[in-house]
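**Student:** sequence plus predicted model, see below.
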Amino acid sequence: MAKYQLVRPVLLSVDEVAARSGLHPDLVRRFAAMSLVDSTTDVIGRLRFTPKAVPALARVQRLRTGLALNYAAIGLVLDLLDRIEVLEAQVRSHRRWT
């Protein structure tokens, strides 16, 4: 079955994400370069983010300030938290069917 996109996804610029997250645009660019937040580039090469980037950046900042983790460790923790979320969803789904 084919899927068609009905509306263009909302993409935010670095400055918009920085303003919404309260971070400096250079820090947002650095987090994108380290893959701590998902980003894409447009046809001109500018970074673009989905609105989900704002809470993701807040999560990175909480890990940095709350646990005093370096950026490499933050990437690992984020990967583990995402994996835990997937596993918990699988457990919930399995419980519904048994």
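**Tutor:** Nice, thanks for sending it over.

**Student:** drop to CA atoms for contacts and neighbour counts, all remaining ones
**Tutor:** Noted.

**Student:** which parts of this structure are helices?
**Tutor:** Assigned by DSSP state H, the helices in the chain fall at 14-21, 25-33, 53-67, 71-97.

**Student:** for Leu6, find the nearest of those.
**Tutor:** helix 53-67 (22.0 Å; C-alpha to C-alpha).

**Student:** against which helices or strands is the closest one packed?
**Tutor:** If contacts are counted by 3 or more C-alpha pairs under 8 Å, 6 or more residues apart in numbering; DSSP states H and E, helix 53-67 sits against helix 14-21, helix 71-97.

**Student:** one more time with 10 Å
**Tutor:** helix 14-21, helix 25-33, helix 71-97 (3 or more C-alpha pairs under 10 Å, 6 or more residues apart in numbering; DSSP states H and E).

**Student:** thinking again about what came up before, which one of the helices of the chain is the most hemmed in?
**Tutor:** helix 14-21 (a mean of 18; mean count of other C-alpha atoms under 10 Å).

**Student:** dump the C-alpha coordinates for it into CSV.
**Tutor:** Taking Å, rounded to 0.1, in the frame of the first residue of the first chain, the C-alpha atoms of helix 14-21 are listed here in CSV:
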residue,chain,number,x,y,z
VAL,A,14,18.8,26.5,13.9
ASP,A,15,17.7,30.0,15.1
GLU,A,16,14.1,28.9,15.7
VAL,A,17,15.2,25.8,17.7
ALA,A,18,17.7,27.8,19.6
ALA,A,19,15.1,30.4,20.6
ARG,A,20,12.6,27.7,21.6
SER,A,21,15.1,25.7,23.6
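
**Student:** Val14 and Thr50, how far apart?
**Tutor:** 11 Å (C-alpha to C-alpha, to the nearest Å).

**Student:** export the helices and strands packed on helix 53-67 to a markdown table and tack on mean pLDDT?
**Tutor:** Formatted as a markdown table, those follow (pLDDT from 0 to 100):
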| stretch | mean pLDDT |
| --- | --- |
| helix 14-21 | 97 |
| helix 25-33 | 96 |
| helix 71-97 | 92 |
